[in-house]
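**Student:** heads up, no residue letters with this:
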Ligand SMILES: *Cc1c(COP(=O)(O)O)cnc(C)c1O
């Protein structure tokens with residue numbers, strides 16, 4: 001049976017192709033070693049949201065991995081826009097990937113590899129489905145630890161997801177819908193592709209370290225400040241999460257999404273709680289703001 005592919009367009013080997021034709025070599029280090037970095041930006045009603053921030057993070061990740069993008073930033077922006085235009089999508093999930101690539105002799109020296117750049121635009125996707133977004137998602141706190149920052153730098157967006165996927169199966173076994181991983185000190189870390197926030201007595205906290213610095217996380221912190229709500233990044237012990245009034249998760253794939261429960265614990269302020277609800281509204285309002293958006297053209 002042929003695998004199914006989402007509609008969309010990829011840029012690979014210098015060509016724009018349907019998703020079903022976007023394929024890499026099995027000898028690519030990105031595939032064999034998860035030696036790659038990527039970023040995901042979204043397009044909403046024909047406009048990229050905070051494209052600069054995503055490109056800055058992508059470039060920083062590339063530099064930390066000692067790789068090099070084979071062209072300038074303006075070319076990158078052109079390719080991303082062209083993928084969206086050709087895919088004919090108003091709302092899109094747009095991924096850019098740079099892998100270590102293939103070394104011509106299959107040498108074990110990463111410096112010999114020639115990087116592979118891929119980009120693609122597919123329909124906008126959500127971490128939480130419609131039902132989960134309306135009544136809040138149910139999370140499971142896994143005993144799996146997130147890969148520690150001393151091992152793999154979590155600020156480089158990466159495909160080291162075996163801890164997250166192991167956690168997801170634990171969540172499904174526990175009857176939950178998604179998972180939250182912890183660090184080695186009993187603090188909350190993050191979930192598969194999202195950051196977490198807890199609200200207690202009008203103050204908002206998101207884990208400071210051991211997590212990807214999500215662009216939606218940064219956006220939430222900025223918007224909360226604009227709303228006059230005290231918000232900061234600091235260690236978030238699991239007990240503090242369980243005593244919170246409300247909680248939400250953040251991701252490019254869905255924005256701000258309420259959490260209904262962490263295992264048997266439901267949040268007293270409900271889902272969405274008042275802060276989550278106001279923040280979500282402001283987040284979507286900002287999709288009209290020319291300072292934060294760029295037309296696909
Ligand atoms: C992408 C990602 C997030 C969310 O980051 P955004 O920039 O807000 O989309 C959080 N955690 C991990 C592990 C991720 O890969």
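**Tutor:** Ah, there it is. Just so we're clear, the structure is a prediction, and the values are computed from it rather than from any experiment.
**Student:** so who does the residue of the stretch 1-150 of the chain found nearest the ligand touch?
**Tutor:** Proximity of the stretch 1-150 of the chain to the ligand (C-beta to the nearest ligand atom) peaks at residue 40, 5.9 Å away. All C-beta atoms are positioned from the backbone trio N, CA, C, and that covers glycine. Residue 40 sits next to 54, 93-96, 157, 252-253 when contact means C-beta atoms under 8 Å, 6 or more residues apart in numbering.
**Student:** one more pass at 7 Å, please.
**Tutor:** By C-beta atoms under 7 Å, 6 or more residues apart in numbering, the contact set of residue 40 is 93-95, 252.
**Student:** element containing it, please.
**Tutor:** strand 36-44 (DSSP states H and E).
**Student:** wondering if the helix or strand following that strand reaches the ligand at all.
**Tutor:** Per DSSP H and E, the first helix or strand lying C-terminal to strand 36-44 is strand 47-49. No - shown here: strand 47-49 not in contact with the ligand (C-beta under 6 Å from any ligand atom), separated by at least 10.3 Å.
**Student:** surely residue 231 and residue 223 touch.
**Tutor:** No - look at residue 231 against residue 223 with C-beta atoms under 7 Å: they stay out of range, at 8.8 Å.
**Student:** what pLDDT is listed against the residue of the stretch 1-150 of the chain closest to the ligand?
**Tutor:** Residue 40 is assigned a pLDDT of 98 by the prediction.
**Student:** before we move on, what about the one 4 residues further on?
**Tutor:** Residue 44 is assigned a predicted lDDT (pLDDT) of 98.
**Student:** helix, strand or coil: sort out residue 209 for me.
**Tutor:** Put simply, residue 209 is coil when judged by DSSP: H, G, I helix; E, B strand; the rest coil.
**Student:** neighbour-wise, which one of the contacts of residue 40 leads?
**Tutor:** Using other C-beta atoms under 10 Å as the neighbour criterion, residue 94 leads these with 27 neighbours.
**Student:** just checking, it touches residue 121?
**Tutor:** Yes - using C-beta under 7 Å, residue 94 is in contact with residue 121, at 4.8 Å.
**Student:** overlap in contacts of those two?
**Tutor:** With C-beta under 7 Å, 6+ apart as the test, residue 94 and residue 121 both reach 83-84.
**Student:** what about residue 230, neighbour count?
**Tutor:** Burial of residue 230 is recorded as 11 neighbouring residues (other C-beta under 10 Å).
**Student:** over to residue 290?
**Tutor:** By other C-beta under 10 Å, the residues close to residue 290 number 8.
**Student:** what about it, which SS state?
**Tutor:** Under three-state DSSP, the three-state class of residue 290 is coil.
**Student:** ok, now the one 4 residues further on?
**Tutor:** The local conformation at residue 294, judged by three-state DSSP, is strand.
**Student:** what parts of the stretch 1-150 of the chain come near the ligand?
**Tutor:** Looking at the ligand, the residues of the stretch 1-150 of the chain close enough under C-beta under 6 Å from any ligand atom are residue 40.
**Student:** middle-most residue in this protein, spatially?
**Tutor:** residue 193 (4.1 Å; C-alpha atoms, centre = their mean).
**Student:** give the contact list for it.
**Tutor:** 127, 251, 253.
**Student:** ranking by neighbours, what's the top pick from those?
**Tutor:** Going by other C-beta under 10 Å, residue 251 tops these with 25 neighbours.
**Student:** nearest residue to that one in space, please, no chain neighbours.
**Tutor:** Of all residues not flanking residue 251 in the chain, residue 194 sits nearest, at 4.0 Å (C-beta to C-beta, 6 or more residues apart in numbering).
**Student:** how close does the one you found get to residue 231?
**Tutor:** Residue 194 sits at a distance of 17 Å from residue 231 (criterion: C-beta to C-beta, to the nearest Å).
**Student:** with residue 23 instead?
**Tutor:** 43 Å.
**Student:** and the host helix or strand of residue 172, what does it pack against?
**Tutor:** According to DSSP H and E, residue 172 maps onto helix 162-173. On a contact count with 3 or more C-beta pairs under 7 Å, 6 or more residues apart in numbering; DSSP states H and E, helix 162-173 meets strand 137-145, strand 178-182.
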